[in-house]
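1. Kindly return the folded structure for what I paste below:
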Amino acid sequence: MFTIGIAGGSCSGKTTLTNALEARYTEMGKRVIAIHMDTYFKNPVPTVIAPFTGVEYPENNHPDAVKLDELYAALDTARASDADVVIVEGLMILHLDEIRNKLDLKIFVDLMSDERMFRRIKRFMRDRGQTMDEVAIRYLDTVRYRHNEFVEPSRWYADMVLNGAAELTKSCDIITAYTEARGR
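-> Down below sits the predicted model:
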């Protein structure tokens, strides 16, 4: 079994890469389990007060927003299964020692902040019905600070940093070649 962790900023391409890898490994005849950190957000989500504007926002960019015990248990269960590949992805995957220490390959998906913000605006307008101003203001008020606090420093734990704007086929080729070379 091979366990891969994928971290990176909001809208950097973590889930897209995870889905592409899951499909690639499945095509290769591998049994894959993908765990998405986003499914472990607390409900209700805690809130945060923006440091400069004083506006209160839902907090999805802090470890306290995640049901960590459930996330850790899901990873342990997946690793104890008969899967060939386990992929766990999320903003803070490399920030969390409990997860990071169980990974065979640690990947950080890098993307310039302006492109991440642009992708976030498009996604949140489409999926959540928010206005461009609502998405941009929240990003500028809180998301970028949490990125700098928790996400960006975790890149130093990565074995591999991938360009979130790169062609997915190349990224999947690199990752699968790496795991196959290790007999996984």
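2. What ranges in the protein fall below the confidence cut-off?
-> Filtered on pLDDT under 70, the chain yields the residue ranges 184.
3. the strands in it, which residues?
-> For the chain, the strands defined by DSSP state E cover 2-8, 32-36, 47-49, 56-58, 85-89, 105-110, 160-163.
4. quick one, which of these is nearest to residue 129?
-> For the strands of the chain, proximity to residue 129 was assessed by C-beta to C-beta; strand 56-58 is nearest, at 15.0 Å. Where C-beta positions appear, they are placed from N, C-alpha and C, glycine not excepted.
5. Paired strands for the closest one, with orientation please.
-> Sheet partners assigned to strand 56-58 using DSSP bridges are listed as strand 47-49 (antiparallel).
6. Touching the partner strand from outside, list them.
-> If you take C-beta atoms under 8 Å, 6 or more residues apart in numbering as the criterion, strand 47-49 is touched by 55, 56, 57, 58, 59, 62, 142.
7. before we move on, the earlier item: tell me which of the strands of the chain lies nearest to residue 124.
-> The closest of the strands of the chain to residue 124 is strand 56-58. By C-beta to C-beta, the value is 12.0 Å.
8. mind checking how far the closest one is from the chain centre?
-> Centre-to-centre, strand 56-58 and its host chain are 21 Å apart (C-alpha atoms, centre = their mean, to the nearest Å).
9. Over to stretch 65-85?
-> On C-alpha atoms, centre = their mean, the centre of stretch 65-85 falls 15 Å from that of its chain.
10. Tell me how far the closest residue in space to residue 171 that isn't next to it in sequence lies from residue 172.
-> Take residue 171 and drop its neighbours on the chain: the residue closest to it by C-beta to C-beta, 6 or more residues apart in numbering is residue 162, 5.1 Å away. For residue 162, the distance to residue 172 equals 10 Å [C-beta to C-beta, to the nearest Å].
11. Centre-most residue in the protein?
-> Nearest to the mean C-alpha position of the chain, by C-alpha atoms, centre = their mean, lies residue 90 at 2.3 Å.
12. close enough to count as contact, that one and residue 38?
-> Yes - counting by C-beta atoms under 8 Å, residue 90 touches residue 38, with 6.4 Å between them.
13. Residue for residue, what is the longest helix this protein has?
-> What stands out as the longest helix in the chain, according to DSSP state H, is helix 113-128.
14. mind listing the helices for this structure?
-> 14-27, 68-79, 97-100, 113-128, 132-138, 144-146, 168-181.
15. Switch those helices over to CSV; also include distance to residue 158 and mean neighbour count.
-> Formatted as CSV, the helices of the chain follow (distance: least, C-beta to C-beta, whole Å; neighbours: other C-beta atoms under 10 Å):
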stretch, distance to residue 158, mean neighbour count
helix 14-27, 12, 18
helix 68-79, 18, 16
helix 97-100, 10, 15
helix 113-128, 17, 15
helix 132-138, 27, 15
helix 144-146, 18, 19
helix 168-181, 12, 15
